[in-house]
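Chemist: Here's my sequence, what's the structure:
(chains A, B and C)
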Amino acid sequence: MDILRDLNERQKEAVQFKDGPLLVLAGAGSGKTRVLTTRIAYLIQNGVDPDNILAITFTNKAAGEMKGRIYKLIGYFAKTMQISTFHSFGLKIIKENYEYLGYDKNFVIFDSDDTLTIIKKILKDKNIDITKFNPRTIRSTISSLKNELESPSMYKNRAFTDFDKLVAEVYEEYENTLQKNNSLDFDDLLILPIKLFSERHDILESYQEKYKYILIDEYQDTNEAQYKLTKLLANKYKNICCVGDIDQAIYGFRGANYRNILNFEKDYKKAKIINLEENYRSTKTILQAANSVIKNNKNRKEKNLFSNLEIGDKISYYRASSGLSEVKFVVSKITELKKTVSLNDMVILYRTNAQSRSFEDGLLKANIPYKIIGGVNFYNRMEIKNLLAYLRLIHNSNDDVSLERIINVPKRGIGVKTLNNLLETSREKNKSLYDAIETGKELQFKKIIEELKTKKDTMPLTEFIDLVLDKSGIREEYQNEKTLDADIRLENLEEFKSVAKSFEEENGVISLEDFLLNVSLITDNSEITDTSSKNNAVSLMTIHAVKGLEFDYVFLVGMEENLFPHSNSLFSLEEVEEERRLCYVAITRCKKKLFLTNARIRLLYGMDQINPVSRFIKEIDDDLLDNIGIKVITNEDDNFYNKNNYDEFKKVDEKYQEMDYNNNISLNKVDLNTTYTNSDIKYEVGDFVYHENFGAGRVIEVIENKKNPKASLLKIAFKLPYGVKTLIYSHKSLRKV
DNA sequence: GCCTAAGTGCTTTTT
DNA sequence: GCACTTAGGC
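Modeler: Residues are numbered from 1 along each chain as shown, chains lettered A, B, ... in the order given. Got it, this is the predicted structure:
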């Protein structure tokens, strides 16, 4: 079979390029995955041993998909090939070298929840006020440091502010705690292999020999650690093929650095570079919209992505009066579409997970099946985490974090006091909490675990899980409760068992150890949330989660300033540009028809927010947009709100909601007869104002300039998604409401 | 030690 | 709006 048959010239070139460094700059929808998979097949057809190929993707989903596609091309060989995410590849290396790295065989991986618990505990021990220093911020700072390969001692030398000094201390303590618990965090999965390779050249060389051909997907999203890891591995043979697109770099917040792409030529002399610029996915209209948005980024390389597909439909833009009416609009469109189109071809995309709920409600009411990808995690539910903690403790009795979690679950009368005593003893005797248990109710708990330990290797995993549920008393507790909530939790536990079962079916007999390690890798992002779905369902997900996928019909919702671009990003150009790339990713997922929506007022986190139209909408050429319903983006329209006081917003909105849904036209006739002038406005504390970028706000302080009253400043409180932000402004950028 | 009520702070995106 | 924490009564 001719695997090259359907490729264009550029794609062929990329596939056939054999030895040496190769960078493929692949625009959205240009057949990137196809090139990668075909290239792998081609290498194998031309004599490369599949065992010598390493392919790295970003998500488990992408890895799975790539495996499937290679399997289709070349069959059997695909099974043994190493196709995985950076993190699972790292885990593999660690498993093969745990002793050298100083871990016991039964090490476990802590997810971000566990690590947060550790950080909180360290802060408590140090008597640090948690309200002053946010544990999450500390955690993410430590994570960034780790990904930048900066050790606690290195960081100490350059920590000068109070916060930095604290982080340095906590970081050191945190690393000790992980070590003591015989555990790793996610970042360690990348760092430890690097450590291993840097210290042991012989080991590095054996891996270099094994992985003679390396392929990396989504290269623009690699961070320092990932970059370093690939560089080490590729250093000997330099058969490295990286694929990426700077315009789709959306993981800067996690330390990814798209400049790794720009530096490729410096890193690998005589690198071959191939541009893929023909888009096979989207209509001309959609592609043009995407291009007109992304061209506003200053930090990028100009490129010319084109489509030879039809012009297609215009993009529908709907500005709803409220969050609710935005939902109604989307649901009504889906209802209409589903008469002729499969629900599987539709997706609702949003910037933040919090936005999914209202769409869920709407779809539920309309009886439209949907599935949520990502979002509130199955593995994050209390009952699952508790069960996992049991399993982990059984597997690794040094795991203090898990022990603390479950020693009193279900209630055994072991409270704070007992636990503190136990902590004391464990510290004195330098033992793990588990080993420090000698008396009392704790001992009964220990006996349960001991008994389970002896049984763990005597039965299939699913049976063992049942045993844990019974012996621990978890099942009994929920059964006795007889509430809907408890029933759901029981169901979730059953669901967890079936996850274990499918692991067994896939891999044959699986040890508790392998199960735990595998589960922790999918822990933080699953696609299990699958509420009402059969085989036919609308997908809901964040834009981050949709990367790499495509849909005929895309609803991109919440196109408002503060939401998208997100309010946290507005203060830095770099971050706004990342938001813009995110928008580019969202638009380019769409094959046939794109819907953009937003709301004038929305209820978020319990408060009303009034946001301006997203700048990304304004960046799209007007003639590509088809405005449905009320007339939009005109100044008159925005002024409509500005002319009212805030309390009236809501009343007007209620009216709007009825009207714009049933009778769009009448809205244009609304005239409030209020005049508005820009000069000589006196502001007082309590006045409502409207700002171009931040939306509605309220004056909390007037800082007068007596000499020049017009230069007086105002302290304004804006209601942003997570509370109130105060900013100081001159009159100029504001309008009184 | 356990339970409840009240209070607080928060959520950008993910392996 | 929610999840998590804390205080105080039992």
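
Chemist: What is the lengthiest helix in chain A packed up against?
Modeler: Identified as the longest helix of chain A according to DSSP state H is helix A:484-507. Applying 3 or more CB pairs under 8 Å, 6 or more residues apart in numbering; DSSP states H and E, we find helix A:484-507 packed against helix A:382-395, helix A:461-472, helix A:474-481, helix A:512-523. The way it works is simple: take the backbone N, C-alpha and C, and place the C-beta from them, glycine included.

Chemist: can you give me how far the last one is from the chain middle?
Modeler: Here helix A:512-523 is found 20 Å from its chain centre; the criterion is CA atoms, centre = their mean, to the nearest Å.

Chemist: number of nearby residues for the residue of the stretch 151-300 of chain A found nearest DNA strand B?
Modeler: Using CB to the nearest atom of the strand, residue A:253 is the residue of the stretch 151-300 of chain A that sits closest to DNA strand B, at 3.3 Å. Neighbour count for residue A:253, taken as other CB atoms under 10 Å: 13.

Chemist: do the same with the one 4 residues further on
Modeler: Burial of residue A:257 is recorded as 20 neighbouring residues (other CB under 10 Å).

Chemist: which residues does it contact?
Modeler: For residue A:257, the contacting residues are A:222-224, A:227, by CB atoms under 8 Å, 6 or more residues apart in numbering.

Chemist: ok now do residue A:219, which residues does it touch?
Modeler: Taking CB under 8 Å, 6+ apart, we find residue A:219 in contact with A:23, A:242-244, A:260-261, A:264.

Chemist: And the pLDDT for it?
Modeler: The per-residue pLDDT reported for residue A:219 equals 95.

Chemist: now do the one 4 residues further on
Modeler: pLDDT recorded at residue A:223 is 93.

Chemist: check contacts around it.
Modeler: Contact analysis of residue A:223 by CB under 8 Å, 6+ apart lists A:147-148, A:251, A:254-257.

Chemist: Can you flag which of the contacts of residue A:219 belong to strands?
Modeler: Counted as lying in strands by DSSP state E, out of the contacts of residue A:219, are A:23, A:242-244.

Chemist: Touching, residue A:238 and residue A:268? I think so.
Modeler: Yes: contact between residue A:238 and residue A:268 holds when scored by CB atoms under 8 Å: they sit 6.1 Å apart.

Chemist: Surely residue A:560 is in contact with residue A:612?
Modeler: Yes: contact criterion CB under 8 Å: residue A:560 and residue A:612 qualify, at 6.9 Å.

Chemist: So these two - more neighbours on which side?
Modeler: Using other CB under 10 Å as the criterion, residue A:560 and residue A:612 rank with residue A:560 on top: 26 against 22.

Chemist: DNA strand B versus the more buried one, what's the distance?
Modeler: Applying CB to the nearest atom of the strand, to the nearest Å, the value for residue A:560 to DNA strand B is 14 Å.

Chemist: Neighbours of the closest residue to that residue other than its chain neighbours, how many?
Modeler: Residue nearest to residue A:560 in three dimensions, not counting chain neighbours: residue A:611, with 3.8 Å by CB to CB, 6 or more residues apart in numbering. Residues within reach of residue A:611, counting by other CB under 10 Å, total 26.

Chemist: phi, psi of residue A:611?
Modeler: phi -120, psi 150 (degrees, to the nearest 10).

Chemist: Kindly report the same for residue A:214.
Modeler: phi -120, psi 130.

Chemist: is it true that it touches residue A:56?
Modeler: Yes: applying CB under 8 Å, one finds residue A:214 in contact with residue A:56, separated by 7.5 Å.

Chemist: Give me the more crowded residue out of those two.
Modeler: Ranked by neighbour count (other CB under 10 Å), residue A:214 and residue A:56 place residue A:56 first, with 28 against 22.

Chemist: surely that one meets residue A:229?
Modeler: No: in this structure, residue A:56 is not within contact of residue A:229 by CB under 8 Å, at 9.1 Å.

Chemist: Can you check which residues contact both of the two?
Modeler: In terms of CB under 8 Å, 6+ apart, residue A:56 and residue A:229 are both contacted by the residues residue A:86.

Chemist: follow-up on the earlier one: between the ones in strands among the contacts of residue A:219, which has the most around it?
Modeler: Highest neighbour count within these, by other CB under 10 Å: residue A:242, with 26 neighbours.

Chemist: could you measure the residue nearest to residue A:560 against residue A:601, distance?
Modeler: Distance, residue A:611 to residue A:601, using CB to CB, to the nearest Å: 8 Å.

Chemist: repeat for residue A:490
Modeler: When residue A:490 is compared with residue A:601 (using CB to CB), they lie 41 Å apart.

Chemist: likewise residue A:89?
Modeler: 47 Å.

Chemist: Could you do residue A:126 as well?
Modeler: On the measure of CB to CB, residue A:126 and residue A:601 end up 44 Å apart.

Chemist: Show me which of those two is the more surrounded one.
Modeler: Set side by side, residue A:126 and residue A:601 show more neighbours around residue A:601, with 24 against 11, by other CB under 10 Å.

Chemist: and that one, bridged to which residues?
Modeler: With DSSP bridges applied, residue A:601 shows beta-bridge pairing to residue A:322, residue A:610.

Chemist: Return the residues in contact with the residue of the stretch 151-300 of chain A closest to DNA strand B.
Modeler: Residue A:253 neighbours (CB under 8 Å, 6+ apart): A:575, A:578.

Chemist: the inter-axis angle of the strand or helix carrying residue A:70 versus helix A:512-523?
Modeler: Assigned by DSSP states H and E, residue A:70 falls within helix A:60-74. Orientation note: helix A:60-74 sits at an angle of 100 degrees relative to helix A:512-523 (axes from the mean of the first three to the mean of the last three CA atoms, to 10 degrees).

Chemist: Show me what stretch A:57-73 is in contact with.
Modeler: Applying CB under 8 Å, 6+ apart, the contact partners of stretch A:57-73 are A:3, A:33-34, A:36-38, A:40-41, A:55, A:77-79, A:81, A:83-86, A:88, A:217-218, A:221, A:521-522, A:525, A:527, A:547-548.

Chemist: Residue A:166 versus the nearest residue to residue A:429 once chain neighbours are set aside, what's the distance?
Modeler: Spatial nearest neighbour of residue A:429, chain neighbours left out: residue A:436 (6.2 Å); criterion: CB to CB, 6+ apart. With distances taken as CB to CB, residue A:436 is found 29 Å from residue A:166.

Chemist: Next: residue A:286.
Modeler: 48 Å.

Chemist: And the contacts of residue A:219, which two are furthest apart?
Modeler: A:243 and A:260 (12.3 Å; CB to CB).

Chemist: For the stretch 251-400 of chain A, which segments count as helices?
Modeler: A:259-262, A:264-267, A:284-294, A:323-337, A:356-365, A:382-395, A:400-406 (DSSP state H, counting those that start in this stretch).

Chemist: Give the buried residues for the fourth one.
Modeler: Of all the residues in helix A:323-337, those buried under the rule 16 or more other CB atoms under 10 Å are A:323-331, A:333-334, A:337.
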